[in-house]
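# Sequence and predicted structure are below.
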Amino acid sequence: MEPDIPTQVAAGKANARFERKMKKYLRKWVRNHEERTLLKFDQPPKDYLANDALRDFFLSTGQPLLKLLKHRFAARHLSRPASEVYFDEVTGDPLFAPSEQRIYNLARRMDSERMHIPFRSVHPVKQTAAGDTAPIDTYPPESQEIRYNSGNHFSSRPANSNVFDENSRRCSAKAGGNLHILFKRGFMEDRLQEIKSLTTGMQQTGETLPQFFVICSRHSLKEGHYGVSLVIMDPANPDFPKRVIVCDTLLKELPHHPRWWNHFVGEYSLVFGNAVVEILEDLSHPLQKVNIKGDHPYRHDWDCPYYASGMANALADLVNEDSALVLAGSAQAIHDAMKDRMPDYYRSSLEIKDRQGIQLANRLKRWNSGRDLVQNLTEEISRKSAYER
């Protein structure tokens, strides 16, 4: 079910309330920390509060985002659900309060990577000194590459490491018994070598049950696209898999191989030998739109991390719920079973959703990635406060 989206007026009122509370908070901070107002100079107090107080707060405060999130009004607004956010009907950009956008931008620019709230900020080179998002028409005339960049819009910004960590935690929680989740940073070849090593260890301890390995990693340092695989190993033979299923995300109908097929072939051959190519089964899902140069950047599709996570979760669920199908079922039956476990992208009829439906699902995932990070930080603050009492 699609979330209820508030009107621009309702979201604007919530933003205005947040803005008033932020100004009150900064006014009090300036009054109590006059020695930290490095950027005040000869500005009238009103101008300083409007232009530079928040930047001074970030410059002179240890862990500034955590400090802000100790206050309920800030934690509540920054972690509000998507149902309370207005998204532009054309670009998909969320409507932020001015101070809110500055918080996201300054946290990315001045705080630690862990405080980089996914998708809600622009790259530091696209920010004004105060932390506002610089209008594209202020870019230098020769900066065509910066103008034409997906990072200008919420719906097409690349995911950061916080998103990968979140997706990894959720998928890895499904591991247990003879299901192993290798949803890790690094590259596909690293994961395959790890599988070989783990299976060799199981052979030495006398394990006899088939072992299922779900992998999600980038292909290589040069090719950063995410690949997903399910590798079934017999501990008696750690040098060669019983079955290998590989999944890619790019829009291409089976049985045509996706663009990254050769990367899968190369990585598996390097670890298990050339003969492994004969058992590679392509169960890719045609989810990702091909980006067309000249198209509006907000129409670009940079949601590979969510597609890959969806496929990895579907494979893990399938192993837990019907390992017999995974061991001996047809490729088509497994492919359909994966679709049934990916309701964000497929209808109950197993037909793929239209682009608008997929974009809405990804927009919600993007918002919730940021929301989850803010909520996790807030919970961390609460735990520390309870410990220090």
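In hand now; what should we look at?

# List the buried residues in the helix or strand encompassing Val9.
Using DSSP states H and E, the element containing Val9 is helix 8-32. Within helix 8-32, the residues that qualify as buried are Ala11, Ala14, Asn15, Phe18, Lys21, Met22, Tyr25, Leu26, Trp29, Val30, counting by 16 or more other CB atoms under 10 Å. Just so you know, the C-beta spots here come from the backbone N, C-alpha and C atoms, and that holds for glycine as well.

# again with stretch 284-296
The neighbour-count check on stretch 284-296 (16+ other CB under 10 Å) flags Ser284, His285, Pro286, Leu287, Gln288, Lys289 as buried.

# sorry, back to before: counting contacts, what elements does the helix holding Val9 pack onto?
The elements that helix 8-32 packs onto, with contact taken as 3 or more CB pairs under 8 Å, 6 or more residues apart in numbering; DSSP states H and E, are helix 45-51, helix 53-60, helix 72-78, helix 98-110.

# same thing but 10 Å
Using 3 or more CB pairs under 10 Å, 6 or more residues apart in numbering; DSSP states H and E as the contact criterion, the elements in contact with helix 8-32 are helix 45-51, helix 53-60, helix 64-69, helix 72-78, helix 98-110.

# In CSV, list these along with distance to Glu267, mean pLDDT and mean neighbour count.
As requested, those are arranged in CSV below (distance: least, CB to CB, whole Å; pLDDT from 0 to 100; neighbours: other CB atoms under 10 Å):
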stretch, distance to Glu267, mean pLDDT, mean neighbour count
helix 45-51, 52, 93, 15
helix 53-60, 42, 95, 20
helix 64-69, 38, 96, 20
helix 72-78, 40, 98, 19
helix 98-110, 33, 96, 22
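
# which residues of the protein fall in helices?
8-32, 45-51, 53-60, 64-69, 72-78, 98-110, 144-147, 161-172, 188-205, 261-272, 304-321, 323-328, 331-340, 355-388 (DSSP state H).

# Least confident of those, on average?
Lowest mean pLDDT within the helices of the chain: helix 144-147, a mean of 62.

# pretty sure Leu26 contacts Leu49?
Yes: here Leu26 lies in contact with Leu49, judged by CB atoms under 10 Å, at a distance of 6.0 Å.

# so which one among the buried residues of stretch 284-296 has the lowest pLDDT?
In terms of pLDDT, the weakest of the buried residues of stretch 284-296 is Lys289, which scores 83.

# Excluding chain neighbours, give the residue nearest to that residue in space.
Spatial nearest neighbour of Lys289, excluding adjacent residues (CB to CB, 6 or more residues apart in numbering): Asp301 at 3.9 Å.

# that older thread, with distance to Asp372 as added columns, please give the helices and strands packed on helix 8-32 in TSV.
Below are the helices and strands packed on helix 8-32 laid out as TSV (distance: least, CB to CB, whole Å):
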stretch	distance to Asp372
helix 45-51	32
helix 53-60	23
helix 64-69	14
helix 72-78	12
helix 98-110	15
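
# From the recorded domain assignment, give the ranges for the chain.
Residue ranges of the domains in the chain are recorded as 8-156, 162-353, according to automatic domain parsing.

# Could you give the separation between the terminal residues of the first one?
Using CA to CA, to the nearest Å, the end-to-end distance of domain 8-156 comes out at 21 Å.

# quick check, distance from that domain to the centre of its chain.
Using CA atoms, centre = their mean, to the nearest Å, the distance from the centre of domain 8-156 to the centre of the chain it belongs to is 20 Å.

# who touches stretch 340-360?
Under the contact criterion CB atoms under 10 Å, 6 or more residues apart in numbering, stretch 340-360 has outside partners 2-3, 5, 82, 87, 92, 155, 249, 251, 253, 285-289, 298-299, 301, 303, 306-307, 310-311, 313-318, 321, 335-339, 361-362, 364-365.

# filter the residues you listed to the buried ones?
If you count burial by 16+ other CB under 10 Å, the buried members of those come out as 5, 82, 87, 92, 155, 249, 251, 285-289, 298-299, 301, 303, 306-307, 310-311, 313-318, 335, 337-339, 361-362, 364-365.
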